[in-house]
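1. One predicted model, sequence on top.
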Amino acid sequence: MLRPRIIPCLLVHNGGLVKTVNFTNPKYVGDPINAVKIFNEKEVDELIVLDIDATAQNREPDYGRIRNLAAECRMPLCYGGGVKTVEQVERIISLGVEKVAVSSAAISDPDLVAQSAEVVGQQSVIVVMDVKKNGRGDMYELTTHNGARATGMFPVDFAKKIEHLGAGEVVINSIDNDGVMKGYDLDLVHKIRDAVNLPITVLGGAGSLNDIAQLISTFGIVGASAGSLFVFKGKYRAVLINYPSRVDKDALIEQSIEKRHE
Amino acid sequence: MIAIVNYGLGNVQAFANIYKRLNIPALVASTPDEVSEAEKIILPGVGAFDWSMTRLNESGMREALEEAVVGKGKSVLGVCVGMQMMAKRSDEGVLDGLGWIDAEVRRFDETSFTQTTHLPHMGWNTICPDNGNPMLANFSNGARFYFLHSYYFQCKTETDTIAVTEYGIRFSSAVNCGNIYGVQFHPEKSHQWGVQLLKNFADL
């Protein structure tokens, strides 16, 4: 049976790994390659690496860095950040990356999703939606440029659109919950899950393995991604790369799936 | 020496790293000579069918590859779209496949699924091996592999399938026909289980 995936998400800023809160205040947490080496030993299900500078600084993806990361990863790697063209998607896949994430470029040029799928295959084209509640807190909206620019678009409509265009997965990234470690925004996930049949990965808010268990018992086969949870330990947020052992992960998944079927 | 065919897609370095850790000689092959000189060959891949066929055709290595596999009968392992390229054709494209195995690549048909599943098939799944094939030896219970695909390999000859996986339907997740092997999943990204499979291929 296909299993839900538990996925560390690493943010790259000024060449180092950082962790943000609500997409701001990046805190340095270490060297990307070292983190990958540790996650290799921990046999993580997948890894997401997002370069949070590329789009904000309007620059190209750092191909040298991506090649080094891909060569080090013993788990599937999804790269995102600054990807705007089909040629870039193609080049990143050729560097040994399994999945390429697009975000702001998919919003301004949705055909990028269709054209990329044509070349690298639907399974490797991932769309990240950075979602924020509006000022009144009653509506979700898509944003770009690390949450700085509102688009006026609704996540549900956009998810349907990119599914139709041939995306292979949607990553729901909640800005409101980013770094807060108080749990995922399940309401937002429900809305997207009901709208599309694509695999979904949820990012933003996981503060404990219980939050991941809750996501899995609610949605079954889903990607549960987290940043803070896997790089910080304890209430003082000491930097410590961590991930459940195989036995703990198997138990967590098994119990969550059982709970789902109750 | 195992040659990992570097035709511009797939994580060739991940295969090379695993063989290095296992102390098994392997090289990333980018020329026809490097393919010809190898004892065994791995054809990796991440990409759409036509794009992958085009890249292989343009790599200059296709002729050497066919001579080694079809002419000389050297063992070859196709991975993901590298496996799918060994079929005659694919629903994903219009170009001919290599045609080494009598098979077609089909798109998953959600309407025929017996349970609700999402597409593409993405993540860790188990395989149900047909016992006895050395390619699938020495796996503990609970062995799992990383899958990432929307199309599956459909063999014309039932005995070419050496493992099946369940995702909406049962499909061939590993195949073997003579010296030709293919796996739909990514052994180079499947932790210890993938390492075991790549070791099995080296030990054939």
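-> Received it, and whenever you're ready, just let me know what you need.

2. Look up how far residue B:175 lies from the closest residue to residue B:90 other than its chain neighbours.
-> Of all residues not flanking residue B:90 in the chain, residue B:105 sits nearest, at 3.6 Å (Cβ to Cβ, 6 or more residues apart in numbering or on different chains). Just so you know, the C-beta spots here come from the backbone N, C-alpha and C atoms, and that holds for glycine as well. According to Cβ to Cβ, to the nearest Å, residue B:105 stands 12 Å off from residue B:175.

3. in the chain, which spans are strands?
-> No chain was given, so I picked chain A. Along chain A, the segments classed as strands by DSSP state E run A:5-13, A:16-21, A:24-30, A:47-51, A:77-80, A:99-102, A:125-133, A:140-144, A:149-150, A:169-174, A:200-203, A:223-226, A:232-233, A:238-239.

4. ah, I was thinking of chain B
-> Secondary structure of chain B (DSSP E): strands located at B:2-5, B:26-29, B:40-43, B:75-79, B:89-90, B:103-107, B:121-126, B:128-129, B:144-149, B:151-155, B:161-167, B:169-177, B:180-183.

5. Of the ones you listed, which is nearest residue A:135?
-> Judged by Cβ to Cβ, the one of the strands of chain B that comes nearest to residue A:135 is strand B:121-126, at 35.5 Å.

6. Could you list every helix and strand in contact with that closest one?
-> strand B:144-149, strand B:161-167 (3 or more Cβ pairs under 8 Å, 6 or more residues apart in numbering or on different chains; DSSP states H and E).

7. for the record, mean pLDDT for the longest one?
-> Mean pLDDT, taken over the full extent of strand B:161-167, equals 95.

8. would JSON lines of the strands of chain B with mean neighbour count be doable?
-> Formatted as JSON lines, the strands of chain B follow (neighbours: other Cβ atoms under 10 Å in any protein chain shown):
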{"stretch": "strand B:2-5", "mean neighbour count": "26"}
{"stretch": "strand B:26-29", "mean neighbour count": "20"}
{"stretch": "strand B:40-43", "mean neighbour count": "26"}
{"stretch": "strand B:75-79", "mean neighbour count": "26"}
{"stretch": "strand B:89-90", "mean neighbour count": "21"}
{"stretch": "strand B:103-107", "mean neighbour count": "20"}
{"stretch": "strand B:121-126", "mean neighbour count": "23"}
{"stretch": "strand B:128-129", "mean neighbour count": "14"}
{"stretch": "strand B:144-149", "mean neighbour count": "25"}
{"stretch": "strand B:151-155", "mean neighbour count": "22"}
{"stretch": "strand B:161-167", "mean neighbour count": "21"}
{"stretch": "strand B:169-177", "mean neighbour count": "22"}
{"stretch": "strand B:180-183", "mean neighbour count": "27"}
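
9. Regarding chain A, what is its longest helix?
-> Looking across chain A with DSSP state H, the single longest helix is helix A:246-261.

10. Could you check the pLDDT of residue B:51?
-> Taking residue B:51 on its own, its pLDDT is 95.

11. Excluding sequence neighbours, find me the nearest residue to it.
-> Leaving aside its chain neighbours, residue B:51 sits nearest to residue A:119 (4.9 Å; criterion: Cβ to Cβ, 6+ apart).

12. again, but for residue B:52
-> Take residue B:52 and drop its neighbours on the chain: the residue closest to it by Cβ to Cβ, 6+ apart is residue B:81, 4.8 Å away.

13. Between strand A:5-13 and the longest helix of chain A, find me the angle.
-> On the basis of axes from the mean of the first three to the mean of the last three Cα atoms, to 10 degrees, helix A:246-261 is oriented at 120 degrees to strand A:5-13.

14. Report all helices and strands that helix A:246-261 contacts.
-> Helix A:246-261 is packed against strand A:5-13, helix A:209-219, with contacts defined by 3+ Cβ pairs under 8 Å, 6+ apart.

15. Please identify the deepest-packed of these.
-> strand A:5-13 (a mean of 23; mean count of other Cβ atoms under 10 Å in any protein chain shown).

16. tell me the mean pLDDT over that one?
-> In this model, strand A:5-13 has a mean pLDDT of 97.

17. So that strand, near chain B or not?
-> Yes. Against chain B, strand A:5-13 shows contacts by Cβ under 8 Å from any Cβ of the partner chain at residue A:5.

18. Tell me which strands that strand pairs with, and in which orientation.
-> Using DSSP bridges, the strands paired with strand A:5-13 are strand A:16-21 (antiparallel), strand A:47-51 (parallel), strand A:223-226 (parallel).

19. most packed of those strands?
-> Most buried of the strands paired with strand A:5-13, by mean neighbour count (mean count of other Cβ under 10 Å): strand A:223-226, with a mean of 26.
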